[in-house]
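Participant: I'll drop the sequence and a predicted model, then ask my questions.
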Amino acid sequence: MLYFEIFKFKFLRFLTYPLEIAASVIKRLIEIIFLVFFWSLVIKSSQSQIEIREIASYFLIALAVGDLVMARWGGLGSTIGRRIKYGEMSKFMIKPIDLIPHLYASTMGTVGMRMILSLVYFIVGIAINPPTSILGISLFVLFFINAFVIAFAFNIILGAMYFHLSDASGIKNSIEHMSRVLSGALVPIYFFPEKIKYFVKLTPFPSMIYGPTNALTINSFNNQVVFDLGVAFFWSITFTIFAYYFWSYSIKRYEAVGI
Amino acid sequence: MHIISGLIQLKDMKLSEFKESLLDRLVILKASIVYTFQQETAYWTNNWANILSTTFYTISMLIFIDVIYANVDSVAGYMRNEMLLFLFVGQISYYSSWLIHSNLRELIEDVNRGNLDLLLVKPTPSLFYVTFKKIKLFSILRDSIPPMMAIAIVTNWSSLNLSFVNVFIGLVIACLGLIVAHVIHFLSTLPVFWLGESTAILELSEHFEYNVGKIIPLEGYGFNFQLVFSTLIPVLISTGFASSVMLGKSNPLLLLIWSLIITAVFLFVRGVSWKKALKAYTSASS
């Protein structure tokens, strides 16, 4: 309940400037419209059988998943980083609250409008190209949970880097730029050349966005699905363990003056 | 006789006023460059990781282009190397615009907190000062050279249909496009004078310019969109127009004249809007 109040407070603060909300919404719409427009140009020039409807649905769902799990822009990581950089962690540490859930609720409140819009994207994406099997929906749920766990741990790791570097934004941005391409947020992974695709799929990035998005189109349970699920499970376990130990180790290095 | 000598005197007065105002502006420019350089190099190890960020961004874009061209021969009539030139011009214009872009965010903050009074009471040209308050020469050069070199290295320049005249006109158009893009961003900061906040509106204009102008080439748009994005919201000039002219895909003189007219109109709008915004400015400080 406390964390919901934190979320609500942050969200309501954003509502003070209605024109700003409108600008944020239009910004997100522009992003998706021109990404789909660009890919429609690519499809027109290619021999592939993919329809514009499919690619529009893919990007709507991919951007929605990326935003909902915070894989696309590292929202929680940025909040943690900012708090550490400006020595603001102290005021949360002395309170009887859990630090990570507090920071998560605070981030969710700040980007509440983004999350609402992501849900709209997701619904529109599903409406344009609905999943054709129960298997696809079940796999989506599995992949989505994995994506959430990986992205959550990923955000903690990115944020905890600020304990070790005075300003880790450059390194954080570098990883996010690579993630944008390799996660499938900018290019569906099936467009990658065959040999590169195999290596890209072994990295944790596709499990955060491409995995759940692609799951909705799966109609049969085959070796490829088992492989993708295995990779996703592997990274969710590895990242969670690493994030836990890295956070526990890093927080001991925190220094700040006053609260 | 008296009228002629009066006119000459008036002309001399205006000339000396013009010289004085030009000198004032040069002094501001010099001070801005020196001050920003001192600020950027005071903790100069702090932001070296930004090079990593810009380089990785470029690498990700190069992968993006390679993946696309592994599936198609051309996009909107642009072959792989032409698309790399488009990316190169887009990145030059992006980094150039960021030389003074942070001033817009500072303007929003100054108006929001009522700090603009401190500027307005000074005997300086206010619009010029807020535009060139900081000129980030050092950090932009530092962050842009490695990624630009990466694009230059992977581009097969000999396969491009480039001529000196087209490249020169393209560069002039790119400069005009930069001015226009700056005015668009500047206009999107001004709502702060009435609303108290305009960060998201500025971000929207940045996002719009990037997505419309720097991802899709001019030829990718139909005629109606080309018209809208080169007149009403002219975000195609700095990269779309410039690279199209450099590659010989469009009439250079037509686009140059078009860009000149749009730049003049937008500069005029900028001046008028600034005056209106200042009239709306209220603050309890000073």
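Facilitator: Structure received.

Participant: tally of neighbours for the closest residue to chain A within chain B?
Facilitator: For chain B and chain A, the shortest gap (C-beta to the nearest C-beta) falls at B:A49, measuring 2.5 Å. (Glycine included, C-beta is placed from N, CA and C.) B:A49 is flanked by 17 other residues according to other C-beta atoms under 10 Å in any protein chain shown.

Participant: right, and it touches A:I171 too?
Facilitator: Yes - contact criterion C-beta atoms under 8 Å: B:A49 and A:I171 qualify, at 5.2 Å.

Participant: flag the shaky bits of the stretch 1-150 of chain B, pLDDT-wise.
Facilitator: Counting by pLDDT under 70, the stretch 1-150 of chain B shows low-confidence ranges at B:1-3, B:7, B:10, B:13, B:42-47.

Participant: and what of the stretch 101-250 of chain A?
Facilitator: Scanning the stretch 101-250 of chain A for pLDDT under 70 picks out no residues.

Participant: residue numbers of it in contact with chain B?
Facilitator: A:165-171, A:173-175, A:177-178, A:180-181, A:186-187, A:191-193, A:196 (C-beta under 8 Å from any C-beta of the partner chain).

Participant: got any residues that touch both of B:A49 and A:I171?
Facilitator: Counting by C-beta atoms under 8 Å, 6 or more residues apart in numbering or on different chains, the common neighbours of B:A49 and A:I171 are A:L165.

Participant: one step back: the residues of the stretch 101-250 of chain A next to chain B in helices, which ones?
Facilitator: Here DSSP state H is the test, and those give A:169-171, A:173-175, A:177-178, A:180-181, A:196 as lying in helices.

Participant: let me know the closest of those residues to B:P125.
Facilitator: Each of these was checked against B:P125 using C-beta to C-beta; the closest is A:S169, at 34.2 Å.

Participant: so who does the closest one touch?
Facilitator: Counted by C-beta under 8 Å, 6+ apart, A:S169 has contacts A:81, B:49-50, B:53.

Participant: in strands only, show me the residues you listed.
Facilitator: Among these, no member falls in strands (criterion: DSSP state E).

Participant: compute the number of surrounding residues for A:L12.
Facilitator: A:L12 is flanked by 11 other residues according to other C-beta under 10 Å.

Participant: can you tell me how far it sits from A:I21?
Facilitator: As judged by C-beta to C-beta, to the nearest Å, A:L12 and A:I21 stand 12 Å apart.

Participant: that older thread, hmm, which of the residues of the stretch 101-250 of chain A next to chain B are the buried ones?
Facilitator: Neighbour-count burial within those applies to A:165, A:167-171, A:173-175, A:177-178, A:180-181, A:186-187, A:191-192; the criterion is 16 or more other C-beta atoms under 10 Å in any protein chain shown.

Participant: over to B:V272. Which of the three states is it?
Facilitator: Under the three-state scheme (DSSP: H, G, I helix; E, B strand; the rest coil), B:V272 adopts helix.

Participant: okay, which residue is most central for chain A?
Facilitator: Among the residues of chain A, the one closest to the centroid is A:A71, at 1.8 Å (C-alpha atoms, centre = their mean).

Participant: for that residue, what are its contacts?
Facilitator: A:A71 neighbours (C-beta under 8 Å, 6+ apart): A:65, A:147, A:150-151, A:154, A:179, A:183, A:185, A:208-209.

Participant: and the gap between it and A:L63?
Facilitator: Going from A:A71 to A:L63 by C-beta to C-beta gives 10 Å.

Participant: ok, now A:V187?
Facilitator: From A:V187 over to A:L63 the distance is 13 Å, taken as C-beta to C-beta.

Participant: which SS class is A:S48?
Facilitator: Judged by three-state DSSP, the three-state class of A:S48 is coil.

Participant: next, count neighbours for the residue lying closest to it once chain neighbours are set aside.
Facilitator: Among residues not flanking A:S48 along the chain, B:N71 sits closest, at 6.8 Å (C-beta to C-beta, 6 or more residues apart in numbering or on different chains). Using other C-beta under 10 Å, B:N71 is surrounded by 19 other residues.

Participant: next up, phi/psi of B:N71, please.
Facilitator: Taking degrees, to the nearest 10, you get phi -110, psi -30 for the backbone angles of B:N71.

Participant: wait, what's in contact with it?
Facilitator: B:N71 is in contact with A:42, A:46, A:48, A:191, counting by C-beta under 8 Å, 6+ apart.

Participant: buried ones among those?
Facilitator: Here, 16+ other C-beta under 10 Å leaves A:42, A:46, A:191 buried among those.

Participant: wait, the second one touches B:Y69, no?
Facilitator: No - A:S46 sits out of contact with B:Y69 when judged by C-beta under 8 Å, with a separation of 10.4 Å.

Participant: for A:L158, give me its contacts.
Facilitator: Here A:L158 is in contact with A:74, A:77, A:80-81, A:168, A:172, A:175-176 (C-beta under 8 Å, 6+ apart).

Participant: would you format those residues as JSON lines with distance to A:F122 included?
Facilitator: Formatted as JSON lines, these follow (distance: C-beta to C-beta, whole Å):
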{"residue": "A:G74", "distance to A:F122": "20"}
{"residue": "A:G77", "distance to A:F122": "22"}
{"residue": "A:I80", "distance to A:F122": "26"}
{"residue": "A:G81", "distance to A:F122": "28"}
{"residue": "A:A168", "distance to A:F122": "31"}
{"residue": "A:K172", "distance to A:F122": "26"}
{"residue": "A:I175", "distance to A:F122": "25"}
{"residue": "A:E176", "distance to A:F122": "22"}
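
Participant: tell me which element the nearest residue to B:F86 once chain neighbours are set aside is part of?
Facilitator: Among residues not flanking B:F86 along the chain, B:S243 sits closest, at 4.5 Å (C-beta to C-beta, 6+ apart). Element membership for B:S243, per DSSP states H and E: helix B:242-246.
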